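Participant: kindly return the folded structure for what I paste below:
(chains A and B)
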Amino acid sequence: EDKVVQSPLSLVVHEGDTVTLNCSYEVTNFRSLLWYKQEKKAPTFLFMLTSSGIEKKSGRLSSILDKKELFSILNITATQTGDSAIYLCAVNAGGGADGLTFGKGTHLIIQP
Amino acid sequence: DVKVTQSSRYLVKRTGEKVFLECVQDMDHENMFWYRQDPGLGLRLIYFSYDVKMKEKGDIPEGYSVSREKKERFSLILESASTNQTSMYLCASSVSLDTGELFFGEGSRLTVL
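Facilitator: Presented below is the predicted three-dimensional model:
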C-alpha cells in the first residue's frame, strides 16, 4: 500500500525563523511529488518535483526531492504570519487519480 | 484565473437527510474529484470522474454517490447522511491525471446532527 508520511504534524515558530517540513514516501511507480499550501480554504499548488536534487524555488519557499532516500523537504525562510497554514505533501504514483496519495499534512503556526 | 466553485461553504443537516454538494469548474478540465478531509486522516479520495457520465470509486466511496452530467459540474450525493460523514469536503479538478496537479475548491464543511 502506498504511504506518504509528513513530519512534524504540527510546528509553532516565531516570525523570521526558518522551517523545514519533511515528507517521506513509499510508493510503487513514483511519478511526481507535489506540495500544497492550505490556509482556511482551498489548498493551493506550490511545487511539483519529479527529479532528484533539483531545487524548486518560489520566493522564500524552496523544495527538493531525494528519490534514492524517498523524501522531500519544503523550506521556508524568514517566515511571516501569512505562512501559517497546513502544508500538504502528495505523491503521484501510477498516473491515475487513485494514484495520488496525500500525507496528513503539517500544521505550521507562525507567531508574531 | 482557474476557478473551482463549491456552492455551499457550510451546511448543517440531520441524520437520514439527503445531501447534495455541488462543484463547478470553469477550466474545461476533464477530471474532477471529491475528497474528504478529516483531522489526523488527511485527504481521502471518495470518487473521481475522468469524463462526462463516467465515475470511478476512490478509497472511501461507501455512503456516497456522484453525478457528472456536464463537463463542468460534479456533484457529490449523500443518500442518507450519517454523523460519521461530518467532515470538510473538497472538490478538485485537473487537466491531466499524469501530473497530479489539482485545483481545489474552497471546501464545504458539512455537519450532520
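
Participant: for the rest of this, base every contact and every neighbour count on C-alpha atoms.
Facilitator: Noted.

Participant: low-confidence ranges in chain A?
Facilitator: The model of chain A has pLDDT under 70 over residues A:94-99.

Participant: what about A:V19, distance to chain B?
Facilitator: Noted for A:V19: a distance of 21 Å to chain B, by C-alpha to the nearest C-alpha, to the nearest Å.

Participant: and that residue, how close does it get to B:Q85?
Facilitator: 34 Å (C-alpha to C-alpha, to the nearest Å).

Participant: please name the bridge partners of A:S58.
Facilitator: Listed by DSSP bridges, the beta-bridge partners for A:S58 are A:L61.

Participant: number of nearby residues for it?
Facilitator: 10 (other C-alpha atoms under 10 Å in any protein chain shown).

Participant: gap between it and B:S7?
Facilitator: For A:S58, the distance to B:S7 - C-alpha to C-alpha - is 32 Å.

Participant: and for A:M48?
Facilitator: Distance, A:M48 to B:S7, by C-alpha to C-alpha: 29 Å.

Participant: check A:T77 too.
Facilitator: The value you get for A:T77 to B:S7, if C-alpha to C-alpha is used, is 36 Å.

Participant: next one: A:S63
Facilitator: A:S63 is 34 Å from B:S7, by C-alpha to C-alpha.

Participant: and A:Y25, what does it touch?
Facilitator: A:D2, A:K3, A:V4, A:V5, A:L70, A:F71, A:V91 (C-alpha atoms under 8 Å, 6 or more residues apart in numbering or on different chains).

Participant: okay if I get those as a markdown table plus secondary structure and neighbour count?
Facilitator: Formatted as a markdown table, those follow (DSSP: H, G, I helix; E, B strand; the rest coil; neighbours: other C-alpha atoms under 10 Å in any protein chain shown):
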| residue | secondary structure | neighbour count |
| --- | --- | --- |
| A:D2 | coil | 16 |
| A:K3 | strand | 14 |
| A:V4 | strand | 19 |
| A:V5 | strand | 19 |
| A:L70 | coil | 15 |
| A:F71 | strand | 19 |
| A:V91 | strand | 28 |
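
Participant: for stretch A:19-32, how far is the first residue from the last?
Facilitator: Counting by C-alpha to C-alpha, you get 23 Å between the two ends of stretch A:19-32.

Participant: ok now the host helix or strand of A:S32, how far from the chain's centre?
Facilitator: A:S32 is located in strand A:30-38, with elements delineated by DSSP states H and E. Between the centre of strand A:30-38 and the centre of its chain there are 6 Å (C-alpha atoms, centre = their mean, to the nearest Å).

Participant: perfect, I'm done here.
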